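A.B. asks: Okay, predicted coordinates and the sequence, questions at the end:
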Amino acid sequence: MATSTPSTQRGTLTLAAALLTATIALYMALVAFGNITDFGTNQQFVRHVLAMDTTFKDEDLMWRAVTSRGLQDAAYVGIIVWETAAALVLIYGSWLWARRDDLRARRMSTYGLLMVMLLFGAGFIAIGGEWFSMWQSEDWNGLDAATRIFLFSGVVLIVNQVSAPRAQPPTS
């Protein structure tokens, strides 16, 4: 019965890290591309979430609403810029994986994945979901999608970190 060697295991994990990173890179590139080429669709989403106009309209929360179109649109453009930057970092990380520059690939992939997790975790789940009470909206609630991407990116980040070579104990 054949057993796997540490280098075989490391190679398989590295391949998994590379392919999963490329998957998130593709996803983020498509999201950014979609938001740029179909600007108005998610612009409306951001406007409604920030305006809190489809929430329960609790007086204790409505002071948080951002009703300025200029601020809403600036937030949306900021999201698109962040998505684009994350996609580019992940594409670069994927390219480094393909070149077998594992150390730099892992570093760039980690940066890109953390950018995605910050956007979807801090931006959409925490700020959109809780601060702007997106969870209350039946029409403009993106929490399920944000949670999926946050968790998927977290799994990919773990695979990236687990694929790092371990130091070999000294031999005597």
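C.D. replies: Received the coordinates, thanks.
A.B. asks: And the strand or helix carrying residue 26, what's buried?
C.D. replies: Following DSSP states H and E, one finds residue 26 within helix 6-37. By neighbour count on 16 or more other Cβ atoms under 10 Å, the buried set for helix 6-37 is 10, 13-14, 17-18, 20-22, 24-25, 27-29, 31-32, 35. Every residue, glycine included, has its C-beta placed from N, CA and C.
A.B. asks: And the residue nearest to the spatial centre of the chain, how far from residue 32?
C.D. replies: Geometric centre of the chain, nearest residue: residue 116, 2.2 Å, by Cα atoms, centre = their mean. In this view, residue 116 and residue 32 are 11 Å apart by Cβ to Cβ, to the nearest Å.
A.B. asks: Equivalent analysis for residue 105, please.
C.D. replies: 21 Å.
A.B. asks: now swap in residue 15 and tell me
C.D. replies: Distance from residue 15 to residue 32, by Cβ to Cβ: 26 Å.
A.B. asks: Ok, residue 61 next?
C.D. replies: 31 Å.
A.B. asks: what's the answer for residue 112, then?
C.D. replies: From residue 112 to residue 32 the distance is 12 Å (Cβ to Cβ).
A.B. asks: overlap in contacts of the two?
C.D. replies: Residues within reach of residue 112 and of residue 32 at once, by Cβ atoms under 8 Å, 6 or more residues apart in numbering, are residue 87.
A.B. asks: can you list contacts of stretch 120-138?
C.D. replies: Counting by Cβ under 8 Å, 6+ apart, 48-50, 52, 54-56, 58, 61, 64-66, 79, 82, 140-143, 146-147, 149-150, 153 sit against stretch 120-138.
A.B. asks: Just to be sure, which of the residues you listed are found in strands?
C.D. replies: Applying DSSP state E to the contacts of stretch 120-138, no entry is found in strands.
A.B. asks: Which entries within the residues you listed meet the buried criterion?
C.D. replies: 48-50, 52, 54-55, 65-66, 79, 82, 140-143, 146, 149-150, 153.
A.B. asks: Can you tell me the closest non-neighbouring residue to residue 18?
C.D. replies: Spatial nearest neighbour of residue 18, chain neighbours left out: residue 97 (3.4 Å); criterion: Cβ to Cβ, 6 or more residues apart in numbering.
A.B. asks: Please disregard the earlier target; I meant residue 73.
C.D. replies: residue 43 (6.8 Å).
A.B. asks: How about residue 164?
C.D. replies: residue 106 is the one closest to residue 164 (Cβ to Cβ, 6+ apart), at 6.2 Å.
A.B. asks: ok, that neighbour - contacts?
C.D. replies: Per Cβ under 8 Å, 6+ apart, neighbours of residue 106: 17, 93, 160, 161, 163, 164.
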